[in-house]
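Trainee: need the 3D shape of this:
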Amino acid sequence: MPAKSMPAKSTETSLCARIAAHERWAHTSDRTAATAPGRAGLEARFEREVDPNGELDPAERARRVDAKRTAHFMRLALLSARSRRKAREIRESAAARTIASQARKTASELRAAADQLDTATDAAEM
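Mentor: Next comes the predicted model:
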């Protein structure tokens, strides 16, 4: 598939990224080894954040890094939950607008039918 210079929509951008990821993993025999540098970099970042001067003993640094890692992933989980809740609220709001629109249309149709019935009744009484 030829690469596009600039996808038109965020959906296309997301799909292109997903395709690229699947292509990459299709040619990777050892995923653990392929992702090791990223995990090592994240671990090093946590170590720098909890012990910037390298003064803690290794056991204490490991304990703090573990807490920092847990906090990091809990923060990601919180952001994910907020994002899912917002998406659900948007879907529910859109559904409510659709239902309200359908109700208005039905009410309008009922009023028109009632008017026709009134007109027919008035004509029959004359």
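
Trainee: name the helices or strands packed onto the lengthiest helix in the chain?
Mentor: Counting residues, the longest helix found in the chain (DSSP state H) is helix 58-125. Contacts defined by 3 or more Cβ pairs under 8 Å, 6 or more residues apart in numbering; DSSP states H and E place helix 58-125 against helix 31-50. Glycine gets a C-beta too; all of them are placed from N, C-alpha and C.

Trainee: thinking again about what came up before, now do the longest helix of the chain against helix 31-50, angle only.
Mentor: With axes from the mean of the first three to the mean of the last three Cα atoms, to 10 degrees as the basis, helix 58-125 and helix 31-50 are set at 110 degrees to each other.

Trainee: what mean pLDDT does helix 58-125 have?
Mentor: Average pLDDT, helix 58-125: 92.

Trainee: likewise stretch 22-29?
Mentor: 96.
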